[in-house]
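# I need the structure of the sequence given here:
(4 chains)
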There are 4 protein chains.
Amino acid sequence: MKKSKLFEKWNVHLDLAVEAHELLRGETNQDVPGVIEKKETFRHASVNTITITDQRGEKLLGRPQGNYVTLEVPEIKENNFEHHKKISEILAQKLSDLIRFHEKASFLIIGLGNRNATPDALGPKVVEKIMVTRHLFHYAPEEIKGNLRNVAAISPGVLGITGIETAEVIRGLVEHVKPDYVIAIDALAAGALDRIGSSIQLADTGINPGSGIGNFRKGLNEETLGCKVIGIGVPTVVNAAVIAHKTIEELFAEMETHPSLAQIYDEENEESIVSVMEKALSPFKDSLMVTPKEIDELIETTSRIIANALNMSIHPGIDPGNDETYLM
Amino acid sequence: MKKSKLFEKWNVHLDLAVEAHELLRGETNQDVPGVIEKKETFRHASVNTITITDQRGEKLLGRPQGNYVTLEVPEIKENNFEHHKKISEILAQKLSDLIRFHEKASFLIIGLGNRNATPDALGPKVVEKIMVTRHLFHYAPEEIKGNLRNVAAISPGVLGITGIETAEVIRGLVEHVKPDYVIAIDALAAGALDRIGSSIQLADTGINPGSGIGNFRKGLNEETLGCKVIGIGVPTVVNAAVIAHKTIEELFAEMETHPSLAQIYDEENEESIVSVMEKALSPFKDSLMVTPKEIDELIETTSRIIANALNMSIHPGIDPGNDETYLM
Amino acid sequence: MKKSKLFEKWNVHLDLAVEAHELLRGETNQDVPGVIEKKETFRHASVNTITITDQRGEKLLGRPQGNYVTLEVPEIKENNFEHHKKISEILAQKLSDLIRFHEKASFLIIGLGNRNATPDALGPKVVEKIMVTRHLFHYAPEEIKGNLRNVAAISPGVLGITGIETAEVIRGLVEHVKPDYVIAIDALAAGALDRIGSSIQLADTGINPGSGIGNFRKGLNEETLGCKVIGIGVPTVVNAAVIAHKTIEELFAEMETHPSLAQIYDEENEESIVSVMEKALSPFKDSLMVTPKEIDELIETTSRIIANALNMSIHPGIDPGNDETYLM
Amino acid sequence: MKKSKLFEKWNVHLDLAVEAHELLRGETNQDVPGVIEKKETFRHASVNTITITDQRGEKLLGRPQGNYVTLEVPEIKENNFEHHKKISEILAQKLSDLIRFHEKASFLIIGLGNRNATPDALGPKVVEKIMVTRHLFHYAPEEIKGNLRNVAAISPGVLGITGIETAEVIRGLVEHVKPDYVIAIDALAAGALDRIGSSIQLADTGINPGSGIGNFRKGLNEETLGCKVIGIGVPTVVNAAVIAHKTIEELFAEMETHPSLAQIYDEENEESIVSVMEKALSPFKDSLMVTPKEIDELIETTSRIIANALNMSIHPGIDPGNDETYLM
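I've put the predicted structure just below:
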């Protein structure tokens, strides 16, 4: 059974486009039509950019046309502020490369996720650290114009707590705030453990269904919100089904020297694998997440990196070369 | 100088209609036209109902026509859960008296105020304790209909943190959620110390300008939101100008046996009193609040009382006579 | 390779004595000497009591002589307050059965774990809901004596945040507070998914090394603290290695009809299994936890159940038959 | 009636030595024996150092012999990170001037106050931002020695929440952690509004009775803890009695051109003034605090300034001239 099908069965989302692309290439052994991949290397980050250029790529990767930039930054997990600052600067640079904000652009920063569940609290934690200015613009526009842009920020909470679909809350907000850009921050689910806390994804297509730790959220994108939407996320969990599946893969790899086992592997029908995984994850179904014990530190560090990058990118008065940029 | 004028100068809001009414009667020595006052006594509460019946009353009391029910419940400050439960029940009863919710009514509960500043955190603290059900209604309507009503709840944050006027956030929400009733909870500012933590106001006119600890908020009412709006609040602070003014009053009262002082009091011009108060409150202007040291306990207790009253009133399946009603 | 050995390798703790006992019996196919097991059934709970009676049992189960009572209460996961209240009452009853507190007993309740990491926040969340009275005893002893006992409560934080071993903090506290009983609450790690959020363990031996989500904590027991120590815990996570191992077990079970596979299973050496698991959990080692997405609700519910049980058991003035007992 | 006597009556603490000194000089019109005052001016701060040199000064100022350094830094209230950073550096410098920490010194940072009541939350908020290292010293001492010192940090909570005197908790901790220095951070009560959020006090005598918002806490000093204790505080509130008293003073000042009033002022007996204030503050006694509406921002800013100063002063590897020093 194909990994992609198994993942679908367990509601395993590959929130990183780079993972979805890898999986597809692995299963088809060929380039994905309608998708361009580009790689760069910096001192503290490797950057992978997936561009979906047409409807074929859109359909195959299951996400809208646009750019998906992934920073691979394993140094996030080290406790080194100097490196974290560099990562903030690279992220700010990549955001500038992706979109040139016009001088008077206004922003609404949205912290998705549940502030009460640590692995899902990335968005609200970033929003706490954003330099909000929108309320100042009514009174002193001229003085501020040169250095700051107009920024609002809010964490709308999650369906289970408010009873309201996040997308509904946000549509209502956008209609009233009328920002030029929405930037939505969310904790992501990865398809492999080594992505946890080591990648940051930046997308100019917004946040689309299946994002987040797996709660269904309606898309936040130009079509639904009427303005450009940028999505930023960091994988903080993987679905436990990924562990079960990876174990099976590794077991078969381990045993491949046994000729009889190779035969079994071929014969083994899909139902058996599904059944094994169902039993391994019982009595839960698709709602188990795997996360490191130090998740609180990881959320604190990544939220600071993202908030600093946003404060730098948005407010021209905050010069990345100066001391005061690394504020929070 | 009239107290009402001085209060205006220091941006002192009398969020309780009962206080505004008292002040007006005190200054005019006569009944206020267009206003009816009614008093009741319960074992654990005195209840005062001010009804503004026409435009004269509206103008004089500075708030819209409608009912303003104040529970005077000094036992809130005692640490007795049994009494708190009774107060919840009286509040639930008064809410039912004020408005008969139809069987399938839907609600949006809004927690106004700043969760990071304890004296202003009443609204967010109530929202945390509300039994939210709206997200369940899509999937299992029949089963639930008999016992629960459709409830959403959210705390939109404050202007200084989000950069967005609370009223804008709420209008956006109401347009999407389309509730039959909005219930807005807010910490109030009183005009006298003995109101702090001892009164609960319930109004069928919503929350209107000047409410809250004094931050300007646009009105939340049927006119602006397009549905019935109920406001619930508890005074948690008084403006420091109230203390200064009260001190002056008491000083003159103390001295009234001095014939020469009586004369001075008459002669003393308004500017002098204003000047004394300005100096007493310098370098702050109108942004000082007075609050008890035990404000964290007060917010915890009152938020539980209000949340319990709302859960009981809204969900017919929660019978006030049963154990399970006093939930949080 | 024996499961117990594999678990040791991945630092998998079976914090529930009932699980350690099951594992041992499974591997040895016989009764464990020095251990007595007793089962009872209530309407809302099955209760399993493991008593370690001598040093043989102590060594085999890896924990001190004493009683380990496990309530199996799957209804915790249902959103039914009435049932939660019953579970509180059973827990209070079992606590009374385990230890008869003398009339003037004094207590120190300790909330272990990290308040910033939701799956580990059980202890601090219980402590927030405890009715603390110790500070009242200096001033009004006579009036209070009849209804309340002397209770202090604190959450000392975790090593990574304070830099101080939790056991050090607690020893210092106990020397100064001099309670008759310490009751320590902690989130536990289970050895099987079906234990998450469905069991409560009560032990009259305190909390012993390896407890908690797997951070090493020195023992909290009569020997180290000089007073009776009661431990209460709820499993909130399992180590991800448990999922990997369970997957392998289920895979072999699934394939056992293949004669050749049965042979492989026999032949497969221990290193292979270890290697499969290492690869499946790479790049993490033993620090991955598996937890349900709704962990915030689970922590909220179980902390309320435990706090209510403690408030009822400790304060004779709170009658379990009365309304006001279910307070928080 | 002397101001000092009135203040005593209302439990008004002058936590700033500089205020106690001013008051005393004002009342006696002469230098205070046993006290030396020194003033310095920096670009972003005026610094006042009160040194109590003998028992006369000790008795007159009501606090132990030692140094009390007050930074007057009104720019704290401006939203300018660059200035806040300079204030951190001046504070770090003054701390170094006060005490030369030896190379291998170890520290216990204690956050006093109640994290749930915003005006009292300064200590816990500073502790959250401290770079804790003590747990690393067991494993990698050599590598770390050159750049970091041994730091533990904890917020013990308040009596009303834990039931335990803060001083008891801390004594227990100090006996086990055995630091060379305790640094205790606390929100202070000022005697004048203009001190709120504009002064930082640094004392090498610890924290002594009457400190904090007015809750009685036993002294934390070398005598009670057995190691050097440094106290750091920022005024966040004034007792409401201060406002009442200031109003009376200003009223009399305003009226001093009235000859008859001057006479009354002389005649007015102490009981009258006390009675006026009691009525003005009724039904509360001495437990009302006055604090600005923006108290949450003030606590956030000052806690960042103090935490940065401590991180710089304590860890030699953090060079104040480098970017990475302004971390949190």
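# those strands in the stretch 1-150 of chain A, which residues are they?
A:35-41, A:46-52, A:66-72, A:106-111, A:150-154 (DSSP state E, counting those that start in this stretch).
# Just checking the second one against chain C, any contact.
No - for strand A:46-52, no contact with chain C is found by C-beta under 8 Å from any C-beta of the partner chain; the gap never falls below 15.9 Å. No exception for glycine: its C-beta is placed from N, CA and C like everyone else's.
# Compare the strands of the stretch 1-150 of chain A and give me the one nearest D:S155.
Across the strands of the stretch 1-150 of chain A, D:S155 has its closest neighbour in strand A:106-111 (25.9 Å, C-beta to C-beta).
# Read off the pLDDT value for the residue in chain A that chain B sits nearest to.
Nearest to chain B in chain A, going by C-beta to the nearest C-beta, is A:G172, at a distance of 2.7 Å. pLDDT, A:G172: 92.
# A:I299 now?
A:I299 is given a pLDDT of 97.
# Please name every helix or strand in contact with whichever strand or helix holds it.
Using DSSP states H and E, A:I299 sits within helix A:295-314. Here helix A:295-314 touches helix A:81-98, helix A:122-128, strand A:181-190, strand A:199-203, strand A:228-239, going by 3 or more C-beta pairs under 8 Å, 6 or more residues apart in numbering or on different chains; DSSP states H and E.
# Pick out the shakiest of these, pLDDT-wise.
helix A:81-98 - the lowest mean pLDDT of these, at a mean of 93.
# And that helix, how far out from the chain middle?
From the chain centre to the centre of helix A:81-98 is a distance of 16 Å (C-alpha atoms, centre = their mean, to the nearest Å).
# now do stretch A:294-301
16 Å.
# And stretch A:284-299, by the same measure?
In this view, stretch A:284-299 has its centroid 15 Å away from the chain centroid, taken as C-alpha atoms, centre = their mean.
# Now do the helix holding A:I299 and strand A:181-190, the angle between them.
Relative orientation of helix A:295-314 versus strand A:181-190 (axes from the mean of the first three to the mean of the last three C-alpha atoms, to 10 degrees): 150 degrees.
# Could you tell me the angle between helix A:295-314 and strand A:199-203?
Using the same axes, to 10 degrees, helix A:295-314 lies at 40 degrees relative to strand A:199-203.
# I'd like to check which residues are in contact with the residue nearest to A:N116 when sequence neighbours are not counted.
Nearest non-adjacent residue to A:N116, counting by C-beta to C-beta, 6 or more residues apart in numbering or on different chains: C:D296, 4.1 Å away. Each residue near C:D296 by C-beta atoms under 8 Å, 6 or more residues apart in numbering or on different chains is listed here: A:114, A:116-117, C:118.
# cutoff 10 Å now
The contact partners of C:D296, taken as C-beta atoms under 10 Å, 6 or more residues apart in numbering or on different chains, are A:114-118, A:120-121, A:158, A:160-161, C:118-119, C:121.
# gap between the residue sitting nearest the centre point of chain A and A:P124?
A centroid search over chain A (C-alpha atoms, centre = their mean) returns A:G233, at 2.6 Å, as the residue closest to the centre. For A:G233, the distance to A:P124 (C-beta to C-beta, to the nearest Å) stands at 14 Å.
# what's the overlap in contacts for these two?
A:112-113, A:185, A:187.
# can you put these in a markdown table and add distance to A:D97 and neighbour count?
Formatted as a markdown table, these follow (distance: C-beta to C-beta, whole Å; neighbours: other C-beta atoms under 10 Å in any protein chain shown):
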| residue | distance to A:D97 | neighbour count |
| --- | --- | --- |
| A:L112 | 24 | 28 |
| A:G113 | 26 | 30 |
| A:I185 | 19 | 29 |
| A:A187 | 24 | 32 |
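# List just the nearest of the residues you listed to chain D.
Nearest member of those to chain D, counting by C-beta to the nearest C-beta, is A:I185, at 19.8 Å.
# now the residue nearest to the centre of chain A, nearest residue through space, not along the chain?
Once flanking residues are discounted, A:G233 sits nearest to A:L188: 4.0 Å by C-beta to C-beta, 6+ apart.
# from memory the one you found sits against A:P235, does it?
Yes - counting by C-beta atoms under 10 Å, A:L188 touches A:P235, with 4.5 Å between them.
# Any chance you could list residues touching both of those two?
Common contacts of A:L188 and A:P235 (C-beta under 10 Å, 6+ apart): A:14-16, A:19, A:122, A:195-196, A:199-201, A:213.
# Go through those residues and name the one nearest chain C.
Nearest to chain C among the shared contacts of A:L188 and A:P235 is A:I213, at 6.0 Å by C-beta to the nearest C-beta.
# All good on my end, thank you.
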